[in-house]
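> Just a sequence and a predicted model for now, questions to come.
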Amino acid sequence: MQHVAVLGGSIAGLAAVRALRSFGVRVTLVEPDDLGGGQGDGRKGVPQSGQLHALLDMGRTQAERWFPGLTDELVGHGAVLGSGSEIQLFAGGTRKVAVPGNELIGTTRRLLEQRVRRRTLADEHVTVVRARACGLRFEGGRVTGVLHQGADGGPESCLPVDAVVDAMGRSSRLTSWLRDGGWPEPPVDRMRIDLGYATGLFRRGPELPGVRVAHQLPVAVGTLDRQPDTGAMAAVEGDRWMVVIAAYADRRLTRDRDAFLRRMCEMEAEPFGVVARRCELLGEVETYTMAHSMRRNWSRTERLPGGLFVVGDAVASFNPVYGQGMTSAFLHASCLAAYLRKGSDLTAPAVGYFEHVRVVVDAAWKVSTLADLAQPHVTGPYPPGYRISKALSDRMGEASVTDAWVNERFLDVVNMRRHPAALETPHFWWRVGKALLARRTPGTYGAARARRAGPGGRCLRAPRRPEI
Ligand SMILES: Cc1cc2nc3c(=O)[nH]c(=O)nc-3n(C[C@H](O)[C@H](O)[C@H](O)COP(=O)(O)OP(=O)(O)OC[C@H]3O[C@@H](n4cnc5c(N)ncnc54)[C@H](O)[C@@H]3O)c2cc1C
């Protein structure tokens, strides 16, 4: 049996362990946190775990591949599966047309990780070493060992391996270890986003019958007199609503409970105000700030040592508003499996693996950065053809508000079920044009919206709800 060390026991690491195990590889999971904790514990290595985490549809499909029956297991622990009209998407204050068959599971990140971890660690060929990885040993052009130190310090030791998987998240130090070993670093792309997340949990009662998920996307920039906020809420286990408000730059929220509730009431999408006014806010508001989205272009690295793989946020970590992180992590596990299925040598440079990963990363990066560049405080870098892409994306967003067919295709891409290139067909744009014409015909919804618009097409703000 070949032996692989997976560094980092969060979602990406656990999915990679599972993928490796399906090829009969013996795995050691190196993780400084105590993984024996139960549900509800926030652990140090995953400071974002108290924030709302949406698992996109493709993520759930991939998670089911590696952990069959996971959805049922989560629902058995109180998670809530929403579908069709129970999932309410808003463009500003306007509710978008529902897409039948669209599903989303409402679960806390902590419950999801706990269930995935339990399954992974139940395997007798998976050993956990509670330690912090602190370097790699390279010999003969490949990785042959992982240097690690006990979680509470202590002497350094070396774990001999045939290959290693970096799943240490966005602050992984792998690139400096490569530099120390005389290997080139991958080129890195960054986009400054200045994001602030604030999440609160509320007691859930009968206040929103027929609603399980609500998501307010920011309306197109240029129609609001301030930075648009994004909000999402989901019914989760323990009869609770989990609500996140994502705001940028100087609109970022603090842990102030009253300010959080006030901001919920200011959201144009009604469910947020209903929950703020009628439900009890449980515990503290948890916050998290993220300065930039980042991707490491491993497929463009000049030279790679043999036996080196990277998964999850250590490859790329995007603005979490688009919910792509865990889905990408599960997809990376599938890329690893696709690579190994070809009979690839684990100890060789994993060029083919990183090519698979590049396709996943590029698609997610395209979706998230195109949307982020529309924010007034985001200043680039702008990709070639940005203005055209932005104009088309605005038209598609507008058409998807009222046209179920367009919205379904749009959601396919948002949910990572399809590559963004799937929207680049003449038929798709013909349908977008048709939907826009219908919106602009007098007597339709589009005309009503135009009447509400002020000079220059600026939308008038919805009347402010009473402050609480
Ligand atoms: C605010 C916020 C909200 C998010 N919302 C969503 C969402 O809605 N949907 C979604 O899909 N994704 C979301 N994400 C992204 C999601 O959290 C990650 O994509 C997901 O956790 C997978 O990350 P990962 O496993 O690669 O790394 P992480 O989850 O960051 O875990 C890294 C692991 O590596 C361990 N580690 C660190 N250093 C070492 C070391 N030296 N040696 C060994 N182990 C080490 C850590 O202890 C930890 O267990 C969000 C992220 C943030 C920040």
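Yes, it's here.
> from here on, contacts and neighbour counts on C-alpha atoms
Will do.
> Remind me which helix or strand P184 belongs to.
Under the criterion DSSP states H and E, no helix or strand holds P184.
> My guess is it contacts P305. True?
No: proximity of P184 to P305 does not meet the contact threshold set by CA atoms under 8 Å, at 9.7 Å.
> which of the two has more neighbours?
Higher neighbour count among P184 and P305: P305, with 22 against 16, using other CA atoms under 10 Å.
> so what's that one closest to, chain neighbours aside?
Across the structure, with CA to CA, 6 or more residues apart in numbering as the measure, the residue nearest P305 apart from its sequence neighbours is R142 (4.6 Å).
> Also R418?
That would be D412: by CA to CA, 6+ apart, it lies 5.5 Å from R418.
> The one you found is in what secondary structure piece?
For D412, the element it lies in under DSSP H and E is helix 404-414.
> How far does that helix sit from its chain's centre?
A distance of 18 Å separates the C-alpha centroid of helix 404-414 from that of its chain, computed with CA atoms, centre = their mean, to the nearest Å.
> And that helix, what does it pack against?
The contact analysis (3 or more CA pairs under 8 Å, 6 or more residues apart in numbering; DSSP states H and E) places helix 404-414 against helix 386-402, helix 426-440.
> Which positions within it qualify as buried?
Residues of helix 404-414 classed as buried: 404-414 (neighbour count, 16 or more other CA atoms under 10 Å).
> re earlier: and the residue nearest to R418, how close does it get to the ligand?
Between D412 and the ligand the computed distance is 15 Å (CA to the nearest ligand atom, to the nearest Å).
> measure T28 to the ligand for me?
T28 sits 11 Å away from the ligand when distances are taken as CA to the nearest ligand atom.
> Give me the sheet partners of the host helix or strand of that residue and which way each runs.
Counting by DSSP H and E, the element that carries T28 is strand 26-30. Within its sheet, strand 26-30 is paired with strand 3-7 (parallel), strand 126-129 (parallel), according to DSSP bridges.
> got the CA coordinates for it in CSV?
Listed in CSV are the C-alpha atoms of strand 26-30, where the atom choice follows Å, rounded to 0.1, in the frame of the first residue of the first chain:
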residue,chain,number,x,y,z
ARG,A,26,-3.1,4.3,3.2
VAL,A,27,-3.6,7.8,4.5
THR,A,28,-2.3,9.8,7.4
LEU,A,29,-4.2,12.9,8.2
VAL,A,30,-2.1,15.6,9.9
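> and whatever helix or strand comes next after it with the ligand, contact?
With elements assigned by DSSP H and E, the helix or strand that comes after strand 26-30 is helix 57-66. No: on the criterion CA under 6 Å from any ligand atom, helix 57-66 is out of touch with the ligand, staying 7.5 Å away.
> Just after helix 57-66, pick out the following helix or strand.
Counting by DSSP H and E, the next helix or strand C-terminal to helix 57-66 is helix 70-76.
> what sits up against the following helix or strand past that following helix?
Using DSSP H and E, the helix or strand that follows helix 70-76 in sequence is strand 80-83. In this structure, residues lying in contact with strand 80-83 by CA atoms under 8 Å, 6 or more residues apart in numbering are 75, 100-107, 212-213, 235-237.
> before we move on, what about stretch 57-76?
Surrounding stretch 57-76, the residues in contact under the criterion CA under 8 Å, 6+ apart are 15, 18-19, 81, 103-105, 107, 111-112, 115-116, 119, 326-328, 330-331, 334, 415-417.
> is it true that T327 lies in a helix?
Yes: under DSSP: H, G, I helix; E, B strand; the rest coil, T327 falls within a helix.
> List the residues that contact it.
For T327, the contacting residues are 55-56, 58-60, 62, 416, taking CA under 8 Å, 6+ apart as the criterion.
> residue ranges of the helices in the stretch 51-200 of the chain, please?
57-66, 70-76, 109-121, 174-180 (DSSP state H, counting those that start in this stretch).
> gap between the longest one and the chain center?
Relative to its parent chain, helix 109-121 has a centroid offset of 17 Å by CA atoms, centre = their mean.
> hmm, back to that, let me have the helices and strands packed on helix 404-414 in CSV, extended by distance to A249.
Compiled in CSV, the helices and strands packed on helix 404-414 are given as follows (distance: least, CA to CA, whole Å):
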stretch, distance to A249
helix 386-402, 22
helix 426-440, 33
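> still on that earlier bit, in ChimeraX, how would I select the buried members of the contacts of stretch 57-76?
What follows is the ChimeraX syntax selecting those of the contacts of stretch 57-76 that are buried according to 16+ other CA under 10 Å:
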select :15,18,19,81,103,104,105,107,111,112,115,116,326,327,328,330,331,334,415,416
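> what subset of the contacts of stretch 57-76 is also close to the ligand?
Contacts with the ligand within these, as defined by CA under 6 Å from any ligand atom: 326-327.
> returning to what we had before: could the helices and strands packed on helix 404-414 be laid out in a markdown table, adding mean neighbour count?
Rendered in a markdown table, the data for these read as follows (neighbours: other CA atoms under 10 Å):
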| stretch | mean neighbour count |
| --- | --- |
| helix 386-402 | 17 |
| helix 426-440 | 16 |
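> in the stretch 351-468 of the chain, what residue is nearest the ligand?
N415 (10.2 Å; CA to the nearest ligand atom).
> Name all residues that make contact with that residue.
When contacts are counted by CA under 8 Å, 6+ apart, N415 touches 56-58.
> What is the neighbour count of N102?
N102 sits with 17 neighbouring residues when counted by other CA under 10 Å.
> just checking, it touches E86?
No: the pair N102 and E86 fails to qualify as a contact (CA under 8 Å) at a distance of 9.4 Å.
> For the contacts of strand 80-83, which two are the farthest from each other?
The span of these, defined through CA to CA, is set by P100 and E237 at 23.7 Å.
> Have a look at these two and say which one is more surrounded.
Neighbours were tallied for P100 and for E237 using other CA under 10 Å; the higher tally belongs to E237 (20 against 13).
> can you pull the buried residues of stretch 45-54?
In terms of neighbour count (16+ other CA under 10 Å), stretch 45-54 has its buried residues at 45, 48-54.
> neighbouring contacts of it?
When contacts are taken as CA under 8 Å, 6+ apart, the neighbours of stretch 45-54 outside the stretch itself are 10, 32-33, 42-43, 104-110, 197-199, 232-233, 242-244, 286-288, 323.
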